[in-house]
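Provided below are the primary sequence and the corresponding predicted coordinates.
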Amino acid sequence: MQPPNADKIESVGQIHISVTDIDRAVAFYRDVLGLKLLFQVEGQPMAFFDCGGVRLYLGVPSDPKYKANSLLYYRVGDIGAAYERMKAKGVTFLGPPHLIHKTDKSGLWMAGFQDPDGNYAQIMSEEAA
């Protein structure tokens, strides 16, 4: 017997990011962003990373119609430290971390960048006010 609500979406399990050069992408996501490489598929331009329990699937699309157009927001504990570490590894940011939204308890900070294939992403951090 199936548990109640077994047919409902529970969470995001995997996100696809289109790349043109799998080796260059693996180096960037592993060595620059610091994500854990789970595995690469032998003989296929595919690699999988763990990002806080969500699997990121980097792949060269088999057809242009499958090219992903995702914008990912990576949560970091200290946006200033993450920004400086990533800059030191060669990431070109669109601008420095900036305040997006403020409440009486916290502020949401973000800084945008692109990966080697031009995919946009943001690092984000909620910091106490």
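Structure's in. What do you need? Residues are numbered from 1 along each chain as shown.

mean confidence score for the longest helix seen in the chain?
What stands out as the longest helix in the chain, according to DSSP state H, is helix 79-88. Summarised as a single mean, pLDDT over helix 79-88 is 96.

Tell me the buried residues in that helix?
Across helix 79-88, burial judged by 16 or more other Cβ atoms under 10 Å covers 79, 82-83, 86. Using the backbone N, CA and C atoms, a C-beta is placed for each residue, glycine as well.

which of the residues in stretch 110-126 are buried?
Within stretch 110-126, the residues that qualify as buried are 110-113, 115-117, 119, 121-125, counting by 16+ other Cβ under 10 Å.

export those to TSV and tack on secondary structure?
Output for these, formatted as TSV (DSSP: H, G, I helix; E, B strand; the rest coil):
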residue	secondary structure
Met110	strand
Ala111	strand
Gly112	strand
Phe113	strand
Asp115	coil
Pro116	coil
Asp117	coil
Asn119	coil
Ala121	strand
Gln122	strand
Ile123	strand
Met124	strand
Ser125	strand
